[in-house]
Each structure stands twice: as C-alpha cells, then as structure tokens.
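Chemist: Sequence plus the predicted model coming up.
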Protein chains: 2
Amino acid sequence: MTPPETPPEDAAAEQPPASLWERLDRPAPTPRNALTPHRIAAAAVALADSEGLDAVTMRRLATTLGVAPMAAYRYVSGKDELLELMVDSVYAELPLDRSGTDWRATMRALALALRAMNLAHPWTSRAGTFALTPHQLAVPEHAFAALAEHGLDADTTMAVFRTVTDYVRGSVATEVALQTLQHEKGWPDGDAARAALAPRMTWLMSTGRYPAYHRYLAEATRKDDRDWQFETGLDCVLDGVAARLGI
Amino acid sequence: MTPPETPPEDAAAEQPPASLWERLDRPAPTPRNALTPHRIAAAAVALADSEGLDAVTMRRLATTLGVAPMAAYRYVSGKDELLELMVDSVYAELPLDRSGTDWRATMRALALALRAMNLAHPWTSRAGTFALTPHQLAVPEHAFAALAEHGLDADTTMAVFRTVTDYVRGSVATEVALQTLQHEKGWPDGDAARAALAPRMTWLMSTGRYPAYHRYLAEATRKDDRDWQFETGLDCVLDGVAARLGI
DNA sequence: CGCTGATGGATACAACGTACACATCGACGC
DNA sequence: GCGTCGATGTGTACGTTGTATCCATCAGCG
C-alpha cells in the first residue's frame, strides 16, 4: 500500500527514522504527565479485550485516553504500528520461565501458555500473524534455548519450534473463532450455540451429503471439552516430533 | 453487533428467511443475463486474489461487475455473507478424491491440498476461520470417511482431524503472513525481505537478548524452503497421531 | 522575559458499509 | 394486445473510519 519507503533524510540525521522499538527503549525525552506508547498500548489492549478488536478505533482510543483523536499519532505512525504495539505488550506477559526441565516439558508449557494468552486476548489470533517485535522474538529464543542441547541443526530446531507453535496457532484460531462468534451473538454455552445453528445444520444434514459428519454429531460426547481436544492434539504433535527426531 | 436477529415475519411465510445456501440451491427464479451469487463470488474472489482482501469493497466489486454499488445486496445480506460466499467458492475447488488409500495417505493429501488452496488464495487465512458452509463441511466429511474403518470413537476421530487441520491452518497462516508482507512491500524473494528487515533485526540482535536466535540466523540453510518445512512438520504430526492411536 | 521545540487540538477529506426510496423490465392473466 | 405486479438494479444519503495538515499551547533554557 505505502510506497517503498523513502523518508526525507536530506535534513539532519541519515539513520532510518529510529524504529518503534528503538524509540521505546529510550526513557522518553520529556516525561510530562502525558501520553506514552505504553499507556496507549495498555488502553488499546483493554479496549480490545472488553469489546473486541473492531472497537479499537483511533477515535475510541483517543476518547478513553481523554485526548484528541489525532494525539496518538505522535507516538504511533498509524494503526498498523498500534497493532504491533498491542501484540507486543500482550506477548510481554507470557511466562517464559526456563526451569531445568527437558525440551518436551518446556515446549508443552510454552504451548499451554500461548493458548492461555490467546484465549485471554482473543483478538491476537486476528491481529498478530507475524510482526517481529521484541517480545515475540523472545518466544523462539526461549524454545531454541531449550532445544539447544540435543545437537539438532538450526533448520531442524526451527522445524520443531514451528511444528508445535503452528499447531497451537491453528488450534487456537479455530477455538477463538468459535468463542468470538458465541460471544458476539450472546450464546452462553455450546448447547445454546448448537441450538442457534440448528436450522442451518439441519438443512445441511438433510442434503444427505454428510453421513459421516452426521454420525459424529450424534455420537460425540466431548464436543465442548476444548482443553481435552487441545491437549490431545498437542501430545500427538509432541509424540511425533520426539519420534521423528529420536529425542 | 447486529441485534439478536428478529426478521419481520408477520407478512407471508413463517420459515426463517431461507438461508444463503438454500437460496443457492434453487436454480434462480428468473435466469436473466444478470447477477447471480456465483458471479458475485467469482468476481470477489478474483479481486481478492489479485489485489488482496482489502481491495474487496462493495463499491469496487460493483464496479468490476458493471453494476451500481448497492446491487449485490439483493443477493448477499452484507459483507459478512459475501465473505462466506467467497470462502465457500474457494473450498469448492478442493480436490477431495476418495482413492482407496489408507487414512494416512488421505490425510496427507488433504493437508497438501488445503495448503495449496491457501497459498493460491492467501486471503482465506484471514477471512475463513469457521463459517460452516457446504463445501467447508465437505472437508471433515471426507476425512471422517477415511478414518471410519479404524474403530475410533467420534471424539477421537474429530481429534485426529482437528490436529492435522489445525497444524495446517497455523502453518499456512504463518507462511501466508510472510508471503503477503513480501508481496505488498514488493520484495521479490526471501533474501530481499531479509535485507529490508535487516535494520530492525540488527537492532534486535544488538540487544544481546536473543543469542539462540542469532545462532539460528547464522547457521540455518533452509530458511526459504517452505515446502520442506511444511512437510517435515506434517510428517511429525502424522507420526504422532498414528503412534498415539495405534493405527 | 522571550525564544524554541515538543506536545496535543481542530478541522477536513476520501473511502467505507449500508439504509431507503425509486425506476425499470419480464412475464403473465385478461 | 395490454395492464399489472413482483423481481431486479439505481440514486442518494448518512454515519463512521483512518489520517493529512495546520494551529495553539506549554516546558525549559538562554
């Protein structure tokens, strides 16, 4: 969308315009009582948590900060950077304690933590595909450290990491999509959701094109046990990784 | 967002207003030379394929159809339904040939087909989280049929399906996010992307907080071999499923 | 005390989704 | 043959969004 990035660097410094994260690290030139990237991010995250990502509007955000609509643009180049900031601030909460346990326990704990994070902030699975922020980078760092002692080459290490986290990402995306739908339609639980979806589902089943799925609907008993579903899949993935890599 | 759905049903029929998919099945009451859901979906998909999901605007769409901005609303209740239609029409292309091969070959082929679909239509990983359309339902149906003969209970069957497809979804989401970024910034390949991201990355590495990741950057040789990455992870997942379920 | 650079405010614009009322056209009963 | 009617597409309009641009204000320093 934006043209290939040609900042006007004829005037003063010739370094690129000090990326968001560099600016963030210096302690703010004039610490009045005012706006900071952290305050902005915190407000945006709170808004997204309570009313969904669509409620995060530059104007809404400015209102909750008690500030004019354009004020935040002093700290964030646009909405994209705001989203990066939000995602990074959520990743900052991830518990990455490097206990002395083995790689499998570490990866399993990481997977559970990532899922918990995504369920607490459901909008991350829509916003945070890949942003390369400091706290996001801490995740592979953490995993690589745990995997380092097994003599895997770099590519295989990454493959292990990606396999596990990609499963988590996909699983959580599915889960969050359903949870979000339930939430915004006001269905209290899985039964209510199924009741609301029943007409559509009944019609689909009446076409006779989905006999196996029909059987599933009739026989399944853990349709709402998301924890079991997630961990069953996760253990399969970890088994597979362990077996294929001989660790 | 929308109030809990109270269609005005005092007038004529008292059945719910004939869902999108029911309307789609009857061959269209007056087949003039005109707009149909299929034409609309095809135009929208073409637009999204060539210029990204953000280019799919009710107005843009109307223009490419040679029609007034509001015309499509006769066939689609709003943009959400348009997205459903788009996603369904893309799933319709999925090759789901039920060859006589075993479950593992079927699931592997399904995973590869899903990935190919998502790479051909990168916007699906942003739009199509869970929509319950006819052609989407055909995917679990296909998988369940292949898994039926192994005596798994319904919940376990679903777990197998979800484990594999969730891995695919997550993996493809990562891949597409990067590909999209590259595309919209105009970077021709992975090296160009790394070059463009170098300032940010250099700064991150210079903090010294990511030694393991730094080592990965230096040593990895298959950073751009997405096929290898995907299939390695996929085979891990399939191994794990097979081992844990004894099949 | 007056200057300067940083901070926030005000105004404005194009583009978006979509509600609503209107025009037009094909088909069918008389 | 003709008038009627329902289905299909048009025109206009409103509220909301992201953001560019210019202006007011204030802190801190000489």
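Modeler: Thanks, I have it. Residues are numbered from 1 along each chain as shown, chains lettered A, B, ... in the order given.
Chemist: in the strand or helix carrying A:Thr202, what counts as buried?
Modeler: Element membership of A:Thr202, judged by DSSP states H and E, is helix A:190-206. By 16 or more other Cβ atoms under 10 Å in any protein chain shown, the buried positions in helix A:190-206 come out as A:Ala193, A:Ala196, A:Arg200, A:Met201, A:Trp203, A:Leu204. From N, CA and C alone the C-beta is placed, and that goes for glycine too.
Chemist: One more: stretch A:48-67?
Modeler: When neighbours are counted by 16+ other Cβ under 10 Å, the buried residues of stretch A:48-67 are found to be A:Ala48, A:Asp49, A:Gly52, A:Leu53, A:Val56, A:Met58, A:Arg60, A:Leu61, A:Ala62, A:Leu65, A:Val67.
Chemist: same question, stretch A:215-228
Modeler: By neighbour count, and taking 16+ other Cβ under 10 Å as the criterion, the buried residues in stretch A:215-228 are A:Tyr216, A:Ala220, A:Arg222, A:Arg226.
Chemist: circling back to that earlier point, biggest separation within the buried residues of stretch A:48-67, which pair?
Modeler: Using Cβ to Cβ, the buried residues of stretch A:48-67 reach their maximum pairwise distance at A:Gly52 and A:Val67, which is 21.8 Å.
Chemist: For A:Ala92, see how far away A:His135 is.
Modeler: 5 Å (Cβ to Cβ, to the nearest Å).
Chemist: Looking at these two, which has the bigger crowd around it?
Modeler: Taking neighbours as other Cβ atoms under 10 Å in any protein chain shown, A:His135 and A:Ala92 compare with A:His135 leading, 17 against 13.
Chemist: The nearest residue to that one once chain neighbours are set aside: neighbour count?
Modeler: Once flanking residues are discounted, A:His135 sits nearest to A:Tyr91: 3.7 Å by Cβ to Cβ, 6 or more residues apart in numbering or on different chains. Using other Cβ under 10 Å, A:Tyr91 has 22 neighbouring residues.
Chemist: Quick check: A:Tyr91 vs DNA strand D, distance?
Modeler: For A:Tyr91, the distance to DNA strand D (Cβ to the nearest atom of the strand, to the nearest Å) stands at 22 Å.
Chemist: near DNA strand C at all, whatever helix or strand A:Gln179 lives in?
Modeler: Here A:Gln179, judged by DSSP H and E, is contained in helix A:154-185. No. Counting by Cβ under 7 Å from any atom of the strand, DNA strand C has no neighbours in helix A:154-185; the shortest distance is 13.8 Å.
Chemist: Tell me what angle that helix forms with helix B:154-185.
Modeler: Angle of helix A:154-185 versus helix B:154-185, following axes from the mean of the first three to the mean of the last three Cα atoms, to 10 degrees, is 100 degrees.
Chemist: How about helix A:154-185 and chain B, any contact?
Modeler: Yes. Among the residues of helix A:154-185, A:154-159, A:162-163, A:165-171, A:173-174, A:176-178, A:181, A:184-185 lie within reach of chain B under Cβ under 8 Å from any Cβ of the partner chain.
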